[in-house]
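1. got a sequence here, can you model it:
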Amino acid sequence: MKKITLTILLLALSSLSFACDETCKRAKAETANNVKFASYLNAKYCKSTGLDFLMQGRKSLQNYRDKQLATAHRGGAKNIRNFILQRKDWLQECDNYLTLTEQGRIFRDKESTDKIISAMTGTADELQKIMMRPKSDVESLELVTAPAALKFDELFKAVDAHYLELQRRGLL
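-> Numbering: from 1, shown residues only. All right, here's what the predicted structure looks like:
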C-alpha cells in the first residue's frame, strides 16, 4: 500500500514539474512567432501597466479634459497627445506579449482591449487636429475642441466600463 501511495505521489508531483511557467511560455512564443520580447516584459509588469493606465492615466486625462482642453493650447494638446500615444504603445506591447504567451489580454478580453485602444487613437487624432489647425483671430475655441472633447468622453466611457467590470468580478 505504501508503494502505491508513493508512486501516485511521485506521479502527481512530476506532472507539476512539467507545467509550463511564464519563462517556458515566453520561450515558446518567441520561437513560434519569431519575435524577441523585451527583457522587462512579463505578466506582472503588464498587469501593473494596465492598472496604472486605468487609475492614474485616466485621472491625468480627465484633468486635462476638464481644465485645459477648452483653451485649445497647441503645446498642451501636443503633450497630452504624446502621453496618450506613449501609453497606447506600452499597452499594445503588453497586449501582444500576453496574447502570444497565452496569458490573456491587457484589458481582460479582445473587445475591451480593442475598444480602449481605438478610443485612445481617436483621441490622439483629434488632439493632432487641434495642434495643426491654422491660426485664426475669429475662431470659436468651443467649436475647435468639441470633437476632441467627444473623443475624450468616448475614451473615459470605455475605461470606466472596463474598470467597473473588474470591480464586479472582484479583480480590483
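
2. tell me the buried residues in the one helix or strand C94 maps to?
-> Using DSSP states H and E, C94 sits in helix 74-100. Residues of helix 74-100 classed as buried by neighbour count (16 or more other Cβ atoms under 10 Å): 76-77, 80-81, 83-85, 87-88, 90-91, 93-100. (C-beta placed from N, C-alpha, C; glycine too.)

3. just the CA trace of whichever helix or strand comes after it, in PDB.
-> Note on helix 74-100: by DSSP H and E, the next helix or strand toward the C-terminus is helix 110-132. The C-alpha coordinates for helix 110-132 follow below in PDB (Å, rounded to 0.1, in the frame of the first residue of the first chain):
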ATOM      1  CA  LYS A 110     -10.300  41.400 -27.000                       C
ATOM      2  CA  GLU A 111     -13.400  43.600 -27.100                       C
ATOM      3  CA  SER A 112     -12.400  45.700 -24.200                       C
ATOM      4  CA  THR A 113      -8.800  46.000 -25.300                       C
ATOM      5  CA  ASP A 114      -9.800  47.000 -28.900                       C
ATOM      6  CA  LYS A 115     -12.400  49.500 -27.600                       C
ATOM      7  CA  ILE A 116      -9.900  51.300 -25.300                       C
ATOM      8  CA  ILE A 117      -7.000  51.200 -27.800                       C
ATOM      9  CA  SER A 118      -9.300  52.500 -30.600                       C
ATOM     10  CA  ALA A 119     -10.600  55.300 -28.300                       C
ATOM     11  CA  MET A 120      -7.000  56.300 -27.500                       C
ATOM     12  CA  THR A 121      -6.200  56.500 -31.200                       C
ATOM     13  CA  GLY A 122      -9.300  58.600 -31.900                       C
ATOM     14  CA  THR A 123      -8.500  61.000 -29.000                       C
ATOM     15  CA  ALA A 124      -4.900  61.400 -30.200                       C
ATOM     16  CA  ASP A 125      -6.100  62.100 -33.700                       C
ATOM     17  CA  GLU A 126      -8.400  64.900 -32.500                       C
ATOM     18  CA  LEU A 127      -5.600  66.400 -30.500                       C
ATOM     19  CA  GLN A 128      -3.400  66.300 -33.600                       C
ATOM     20  CA  LYS A 129      -6.100  68.300 -35.400                       C
ATOM     21  CA  ILE A 130      -6.100  70.900 -32.600                       C
ATOM     22  CA  MET A 131      -2.300  71.200 -32.900                       C
ATOM     23  CA  MET A 132      -2.300  71.600 -36.700                       C
END
